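Visitor: Turn this into a structure:
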Amino acid sequence: MSLVLCSVSDAGAALAELHRVIRPGGELRFLEHVRADSPSLRRIQRLMDASVWPRLTGGCHASRDSATAIQTAGFSIERLHSFRFPETRIPFPTAPHIVGVARRT
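Guide: Numbering: from 1, shown residues only. Take a look at the predicted model:
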């Protein structure tokens, strides 16, 4: 799944469906932009999500905690790498990303 959880209306329901269709022991590979670690960038993300950002970007929400949502849906995260993209001096609100592999338990 790539850059999906930010824009679905119910990330929990989408992950529950993925959990249902992936065989036990199967992998969920993911790439998502996520909530920032920095409190100041998190504030900016929340402001964007509460304003026009979702309407301008097809329902995208910049401040979702996708790793926690994946675990809550019943997957165990085996590999997780956090990075910023693009890597610039100016921190874009959608720059924090994660990529990884989760296994259906």
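Visitor: Break down the chain into its strands, ranges please.
Guide: 27-33, 75-84, 96-104 (DSSP state E).
Visitor: Who are the packing partners of the longest one?
Guide: Okay, so that is strand 75-84. Secondary-structure packing of strand 75-84 (3 or more CB pairs under 8 Å, 6 or more residues apart in numbering; DSSP states H and E): helix 66-72, strand 96-104. From N, CA and C alone the C-beta is placed, and that goes for glycine too.
Visitor: so which of these comes closest to E27?
Guide: In terms of CB to CB, the element of the helices and strands packed on strand 75-84 nearest to E27 is strand 96-104, at 5.5 Å.
Visitor: Could you give the average pLDDT over stretch 6-17?
Guide: Mean pLDDT, stretch 6-17: 96.
Visitor: Report the separation between the two terminal residues of it.
Guide: From its first residue to its last, stretch 6-17 covers 16 Å (CA to CA, to the nearest Å).
Visitor: contacts for that stretch?
Guide: 4-5, 32-33, 57-62, 64, 66, 69-70, 72-73, 75 (CB atoms under 8 Å, 6 or more residues apart in numbering).
Visitor: what's the spacing between it and its chain's center?
Guide: In terms of CA atoms, centre = their mean, to the nearest Å, the centre of stretch 6-17 is set 10 Å apart from its chain centre.
Visitor: again, but for stretch 65-73
Guide: Remark: stretch 65-73 is offset 8 Å from the chain centroid, using CA atoms, centre = their mean.
Visitor: Identify the bridge partners of the residue lying closest to H81 once chain neighbours are set aside.
Guide: Nearest residue to H81 in three dimensions, chain neighbours excluded: V99, at 5.2 Å (CB to CB, 6 or more residues apart in numbering). Under the criterion DSSP bridges, V99 forms beta bridges with L31, H81.
Visitor: In contact with P24: list those residues for me.
Guide: Neighbouring residues of P24 by CB under 8 Å, 6+ apart: 104-105.
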